[in-house]
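1. Below are the sequence and a predicted model for it; my questions follow.
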Amino acid sequence: MVIYAPYGAYLPGGSLWHSQANEAALAHYPGLSVVIPSTPEDAAGLLWTAMHCEDPVLFLIPKHMFWAERESAEPIRAIPLGKARKRQAGSDVTLIAWGNTVEKALEAIQQIENEASIELIDLRSISPWDHDTIEESVRKTGRVVIVQEDTENCSVGQMIITHLTSQSDLWNSMVSPPILVSKGNVMIGYNPIYEYAALPDVQRIVAAIRKSTSTRTERAPVAAVADRAKSEAEPARSEPRAPTAPTNTQSITVPIMGEGIRSAKIVALLKKPGDRIELDDALCEVETDKAVYPIESSFAGTMGQWKVEVDATVEIGQELGTILVESADHVEGTPREPVAAVAGRGSIPEKPRPTTAATRREPALSPTITRKLSRVIPANLQIDARWDAIRKAREAAKKKNGRNAPSPSVMIAWAVVRAMEKHAPFRRLILEDETIVENENFDLGIAVAIEGDRLATAVVTEANRKSWNEFADVYRKTVDETRSGRVDAMNAPVVISSLGAFGVRAAAPIVVPPSVGTLFIGSAHREMLRNGKQNETAEVITLSLTFDHRVVNGAGAANFAHEIKEQIEEFMIPVEETRATKS
């Protein structure tokens, strides 16, 4: 029997149900074979073997690999279980990986190839696993770094390290402690930022290799014991090569933005050549059928050249431009004095590292906002709204107006304004002295991410007095100008926020006075809904409303949220050119 199943992360939005690595738990049971291929050739060869195996085989395919299109010229050959694959020969460090982490390991090797000779082994078969290939490699290099997508606790990586260090000849030949690079002992979060922060990345692998090679071959002698009376010559191995000057150019590429998304359109280039880039700065924005995504920087430095233009269609993985990385990012690449040896095996003191001055950063929320939040009595409720009407309206608008078609965000904002007209409590403002005022004509706020991981609020003034065409035009211009530094007076009773571009389905936003409510719009996803006497799946978005209980009660907030739901589910682009002006 073969159980063929998706596995792993590096594909945002799976969270704790769909992005976990669980090979250690599965390999724990005797009689079960577990394989995790990293190439199409290995997948085909291992599947052939699994289909002809007498024992049950758990065949885990990294989901990230499903979306990687690769051409293969190699003929399909059966691959025996328990046989690793040497992807690259080397003499300084043994690097072991499997599944998704093989791709990360190859990227790390490319980045550090001038500093050390690295032997990369793709384990690919977890149970049984290839003791001989790994032992032979470690005897040659004396160093081992293991990269796994699973958590550290009770993991396959720990099993391999235990095996290596329990062999007396291997233990005696190693010149550096084994290093395990793994996912943190946490669940994968919904937000892609949290997902990638938890997973092994190229920078962590490079740092582990540099740490391993920073230990010299000289070691304190190991005390002789009865079964080791016969002296053995230390295996000859090469010293890590001195690093050459690292390449300072890093590529900006289109990341994976969700299952099924293969291409996107460039809608804005937010940085110009020569602009200063900080970590996590938004570099550009791309639009898919689902949402507009900001592409953020993984490096600090200076903006290089863009290789695309606005309105260009780009593919996942395509290079968009370059960043010139500061030399400080490569300080760890210089040779270091050896680190302390493993306890009980002698020690070589580590040279004190020079200290660097810490950089002061502003808090995410200003003191003024923090002070205002201290008085809020927040409450939150959530409700799902069907997405069909918005999707159909968007598709019709794109056919009619092309790239000038209003976005789904504009359509949702229009629905919110119509709901605010019917629910007076959400036309109110709460002032500094806690006076509550209610207006017939009102503004609408839109939360906008700006440079430096900061937020600003774009304000559509007198939103209820505008026609559809006016509203759509003002919405787009106001958001663009806010991203460029415009600051509006904030007198919007309701602010709309969204992280749908990151695949976030639901969140509990904060509400900051004078506003009385903040509406979070989740990403479109499918849910099982009741339709009469039958259940059916439908594409929905989750509306999450946080409101200030000093101004609005729960029943009023629920009615308001339900009204927004109905406005969204019944949405049609208004046919009138102008909207009657209220006196």
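-> Happy to help now that I have it. Since the model is a prediction, treat every value here as computed from it, not as a measurement. Residues are numbered from 1 along each chain as shown.

2. okay, CA-based contacts and neighbour counts for the rest of this
-> OK.

3. residue ranges with poor pLDDT in the stretch 101-250 of the chain?
-> Scanning the stretch 101-250 of the chain for pLDDT under 70 picks out the ranges 215-247.

4. Spell out the residue ranges of the helices in it.
-> 131-141, 156-166, 168-173, 192-198, 202-213 (DSSP state H, counting those that start in this stretch).

5. list the helices and strands the shortest one packs on?
-> If I follow you right, that is helix 168-173. helix 131-141, helix 156-166 (3 or more CA pairs under 8 Å, 6 or more residues apart in numbering; DSSP states H and E).

6. Tell me which of these lies nearest to His562.
-> helix 156-166 (49.2 Å; CA to CA).

7. Pull the residues that contact that closest one.
-> Helix 156-166 is contacted from outside by Glu23, Ala24, Ile126, Glu135, Ile146, Val147, Gln148, Glu152, Leu170, Trp171, Pro178, Leu180, using CA atoms under 8 Å, 6 or more residues apart in numbering.

8. could you redo the helices and strands packed on helix 168-173 as a markdown table and give each row distance to Thr249 and mean neighbour count?
-> Below are the helices and strands packed on helix 168-173 laid out as a markdown table (distance: least, CA to CA, whole Å; neighbours: other CA atoms under 10 Å):
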| stretch | distance to Thr249 | mean neighbour count |
| --- | --- | --- |
| helix 131-141 | 30 | 19 |
| helix 156-166 | 33 | 17 |
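
9. Dump those helices into JSON lines; add distance to Gly532 as well.
-> Converted to JSON lines, the helices and strands packed on helix 168-173 look like this (distance: least, CA to CA, whole Å):
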{"stretch": "helix 131-141", "distance to Gly532": "59"}
{"stretch": "helix 156-166", "distance to Gly532": "49"}
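
10. what about the stretch 301-450 of the chain, any weak spots by pLDDT?
-> In the stretch 301-450 of the chain, residues with pLDDT under 70: 326-368.

11. which residues of it fall in helices?
-> 367-373, 388-401, 408-422.

12. doesn't Arg505 fall inside a helix?
-> No - counting by DSSP: H, G, I helix; E, B strand; the rest coil, Arg505 is not found in a helix; it is coil.

13. That one: how many residues sit nearby?
-> Arg505 is surrounded by 23 other residues when neighbours are defined as other CA atoms under 10 Å.

14. again, but for Met528
-> Met528 - counted by other CA under 10 Å - has 11 other residues nearby.

15. can you tell me which residues contact it?
-> Asn535, Glu536, Thr537, Ala538.

16. just those residues: which has the poorest pLDDT?
-> In terms of pLDDT, the least confident member of those is Asn535, at 78.

17. For Arg526, see how far away that one is.
-> Distance from Asn535 to Arg526, counting by CA to CA, to the nearest Å: 13 Å.

18. Could you list the residues in contact with stretch 73-87?
-> So stretch 73-87 is contacted by 33, 35, 41-42, 44-46, 48-49, 119-130, 133 (CA under 8 Å, 6+ apart).

19. Please apply the same query to stretch 200-211.
-> 93, 101, 104-105, 107-109, 111-112, 145, 147-149, 179, 181-183, 332-333, 339.

20. Filter those down to the buried ones.
-> Listed as buried from those are 93, 101, 104-105, 107-109, 112, 145, 147-149, 179, 181-183, 333, 339; burial here means 16 or more other CA atoms under 10 Å.

21. coming back round to it: and the contacts of stretch 73-87, which are buried?
-> 33, 35, 41-42, 44-46, 48-49, 119-130.

22. Thr94 and Lys83, how far apart?
-> 16 Å.

23. Neighbours of the nearest residue to Lys565 once chain neighbours are set aside, how many?
-> Closest residue to Lys565 apart from its sequence neighbours, by CA to CA, 6 or more residues apart in numbering: Ala385 at 5.1 Å. With neighbours defined by other CA under 10 Å, the count for Ala385 comes to 21.

24. What's opposite Ala385 in the beta bridge?
-> Ile541 (DSSP bridges).

25. Quick check, it in contact with Ser544.
-> No - with contact defined as CA atoms under 8 Å, Ala385 does not reach Ser544; the gap is 10.8 Å.

26. just to revisit the earlier point, quick one: which of Asn535 and Arg526 has more around it?
-> Arg526 (14 against 11).

27. What are the structural domain limits within the protein?
-> 2-218+237-244, 249-330, 367-569 (automatic domain parsing).

28. Let's have these in CSV, adding distance to Val575.
-> Converted to CSV, the domains of the chain look like this (distance: least, CA to CA, whole Å):
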stretch, distance to Val575
domain 2-218+237-244, 37
domain 249-330, 24
domain 367-569, 9
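
29. if we can go back for a sec, so for Thr94 and Lys83, which sits in the more crowded spot?
-> Using other CA under 10 Å as the criterion, Thr94 and Lys83 rank with Thr94 on top: 28 against 19.
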